[in-house]
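In: give me coordinates for this.
(2 chains)
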Number of protein chains: 2
Amino acid sequence: VSTAGLIIIGNEVLSAKVSDENGPFLIRELRDLGVRLMRIAVIRDDVERIARDVREMSAEYTWVFTTGGVGSTHDDVTVEAIARAFDVPLEKHAVLLGLIEQHYGDRANEAALRMALLPRGADLVGMGEIPFPVARMKNVFIFPGVPSFLRTKFAVLRPLLRQDPFVLRQIFVRVGETTIAKAMTEVAAESPDVEIGSYPRFDTQEYRVKITVESQSKERVEAALGKLIDRFDPAWIVRVE
Amino acid sequence: VSTAGLIIIGNEVLSAKVSDENGPFLIRELRDLGVRLMRIAVIRDDVERIARDVREMSAEYTWVFTTGGVGSTHDDVTVEAIARAFDVPLEKHAVLLGLIEQHYGDRANEAALRMALLPRGADLVGMGEIPFPVARMKNVFIFPGVPSFLRTKFAVLRPLLRQDPFVLRQIFVRVGETTIAKAMTEVAAESPDVEIGSYPRFDTQEYRVKITVESQSKERVEAALGKLIDRFDPAWIVRVE
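Out: Below is the predicted model:
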């Protein structure tokens, strides 16, 4: 099972200047790829804070994705923070430097060349496939905050990230959560590697609670689903999907 | 200046089963109330993880808001985690117990009564104003995950949270970030308590970068704005708002 952490960087998101699209996009993509997203941190342009979250998530999860804070201005501190997280210096990356010089030409001033800096040991993924490849430092992928650029870059990673898909079954019941709580607690305790969730709805007459049963193992999902149905009063169940 | 941290709890958000509406809502509300949102954590239904984030954010920020993980089923562990964060036991809260017994009547089974548990020392805010008041433990407000319930509950907190509004000015320029980076870095360093941000746009011809200057002090914003305009070539500026 692959796991992931996501770090969304930028004061603009926390101060309502920009509505984050990258979080919702990556949640859906990772789900589709069979990667279990464990945590999202939305944080400010703060070197220490970024470094700390990168260090922690890199140690805990298979993959880490950062979005935002890359560029040429004073509030772009993500790359510096990743270097600090791994206690390595920043260095101009020769290939990236070449791409930047080619892109900016005569306008390649100090601020532009600063964008060639990467933590020592970082490499580039997707060279030749997209105009600006994805920078990776160990298991941390560095993405820009601009949603269209992020999507282009993320596309080259899909084959690398893909795992077995999640298997999801659902039971819809006409009783409230308090009625089914005991059976769910028991089955959850008996079903390792299966996630059982319950979601009440208040805006439909069709059912009151949706119960989700999921895992990357079809057998385990079916076993847990069967145990739930056995313990539920048949009159409770609206439908099973 | 009031600061805030937000903890969004629930596997369903991270696994793309539910699209989170509470984060975007609270980002806008806190902005409108003049409260500086410092960090958002989106985390799983995991007692240790929730306890850790609550403990940290409670110590760092003026206010903390949790959403989700309250209810009667096995995946509702927020209240237990908050008790653990402050190292206090869970106790049935007499007023909450009365409200639950009144609501559930004969259906008040063990799972329902479990929802009367709060960390020792917690109190209720908004009694008499809304059917189920908001539970607070020290500076941590506990919200449900259902968006309509969260909104009703948040409304009673507005008078308590309100601070001076943020003052925002903006400069739109027709040059790229690399051209303005040096001036921005210098003015940012000279302008304490002022946040200066720059946001490139690639989908309009009107301008290439929006520069934002903001603070809760109008004087400081105007001073920083003036310094930026002084250092910019007038030909760069499309407009100032």
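
In: same for the helix or strand of chain A with the lowest mean pLDDT, what does it pack against?
Out: The weakest-scoring helix or strand in chain A, judged by mean pLDDT, DSSP states H and E, is helix A:110-113 (a mean of 89). With contacts defined as 3 or more C-beta pairs under 8 Å, 6 or more residues apart in numbering or on different chains; DSSP states H and E, helix A:110-113 has these neighbours: helix A:94-104, helix B:177-190. The C-beta positions use only the backbone N, C-alpha and C, and glycine is treated the same way.

In: most packed of those?
Out: Each of those was scored by mean neighbour count; the highest is helix B:177-190, a mean of 19, by mean count of other C-beta atoms under 10 Å in any protein chain shown.

In: residue contacts, A:Gly10?
Out: For A:Gly10, the contact set (C-beta atoms under 8 Å, 6 or more residues apart in numbering or on different chains) comprises A:18, A:44-45, A:68-69, A:145.

In: got a pLDDT number for A:Thr67?
Out: Looking at A:Thr67, its pLDDT stands at 98.

In: oh sorry, the question was meant for A:Phe132
Out: The confidence metric pLDDT takes the value 88 at A:Phe132.

In: quick one: contacts for it?
Out: A:99, A:149, A:153.

In: and it, which of the three is it?
Out: Following DSSP: H, G, I helix; E, B strand; the rest coil, A:Phe132 is assigned to coil.

In: from A:Glu241, how far out is it?
Out: Using C-beta to C-beta, to the nearest Å, A:Phe132 is found at 42 Å from A:Glu241.

In: quick one: which of the helices and strands packed on helix A:110-113 is nearest B:Asn22?
Out: Closest to B:Asn22 of these is helix B:177-190 (C-beta to C-beta; 32.0 Å).

In: what's the model's confidence in the closest one, averaged?
Out: Here the average pLDDT along helix B:177-190 is 93.

In: show me the contact partners of the following helix or strand past that helix.
Out: The first helix or strand that comes after helix B:177-190 along the chain, using DSSP states H and E, is strand B:195-200. Strand B:195-200 has contacts (C-beta under 8 Å, 6+ apart) with A:11-12, A:15, A:17-18, A:71, A:73-75, A:146, B:176-177, B:180, B:184, B:187-188, B:208-215, B:224, B:228.

In: strands paired with strand B:195-200, and their directions?
Out: strand B:209-215 (antiparallel) (DSSP bridges).

In: quick one: is the helix or strand that the strand it pairs with is followed by near chain A?
Out: Per DSSP H and E, the first helix or strand lying C-terminal to strand B:209-215 is helix B:218-231. No. Shown here: helix B:218-231 not in contact with chain A (C-beta under 8 Å from any C-beta of the partner chain), separated by at least 12.1 Å.

In: now do helix B:218-231, average pLDDT.
Out: Mean predicted confidence for helix B:218-231 is 96.

In: so which bits of the helix or strand following it are buried?
Out: Using DSSP H and E, the next helix or strand after helix B:218-231 towards the C-terminus is strand B:237-240. Within strand B:237-240, the residues scored as buried using 16 or more other C-beta atoms under 10 Å in any protein chain shown are B:Ile237.

In: who's in contact with strand B:237-240?
Out: With contacts defined as C-beta under 8 Å, 6+ apart, strand B:237-240 is touched by B:169-174, B:206-207, B:225, B:229.

In: need the buried ones from those selected in PyMOL.
Out: To isolate the buried ones among these in PyMOL, judged by 16+ other C-beta under 10 Å, type:
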select buried, chain B and resi 169+170+171+172+173+207+225
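
In: nearest to chain A, of the contacts of strand B:237-240?
Out: B:Gln170 (9.5 Å; C-beta to the nearest C-beta).

In: that closest one is in what secondary structure piece?
Out: Going by DSSP H and E, B:Gln170 is in strand B:167-173.

In: could you dump the helices and strands packed on helix A:110-113 into CSV with distance to B:Gly126 added?
Out: What follows is the helices and strands packed on helix A:110-113, written out as CSV (distance: least, C-beta to C-beta, whole Å):
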stretch, distance to B:Gly126
helix A:94-104, 54
helix B:177-190, 41
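
In: what's the closest of those helices to B:Asn139?
Out: Using C-beta to C-beta, the nearest of the helices and strands packed on helix A:110-113 to B:Asn139 is helix B:177-190, at 30.3 Å.

In: centre of the chain versus that closest one, how much separation?
Out: 29 Å (C-alpha atoms, centre = their mean, to the nearest Å).

In: what's the angle between that helix and strand B:209-215?
Out: Helix B:177-190 runs at 10 degrees relative to strand B:209-215, counting by axes from the mean of the first three to the mean of the last three C-alpha atoms, to 10 degrees.

In: helix B:177-190 close to chain A?
Out: Yes. Helix B:177-190 lies within reach of chain A by C-beta under 8 Å from any C-beta, at B:177-182, B:184-185, B:188-189.

In: A:Arg201 touches A:Glu177, doesn't it?
Out: No. When contacts are counted by C-beta atoms under 8 Å, A:Arg201 is not listed as touching A:Glu177 (10.8 Å).

In: please enumerate the shared neighbours of these two.
Out: What both A:Arg201 and A:Glu177 touch, as defined by C-beta under 8 Å, 6+ apart, is the set A:Val209.

In: looking at strand pairing, list the partners for the nearest residue to A:Trp63 once chain neighbours are set aside.
Out: Nearest residue to A:Trp63, sequence neighbours excluded (C-beta to C-beta, 6 or more residues apart in numbering or on different chains): A:Ala4, at 4.6 Å. A:Ala4 has the following beta-bridge partners by DSSP bridges: A:Leu37, A:Trp63.
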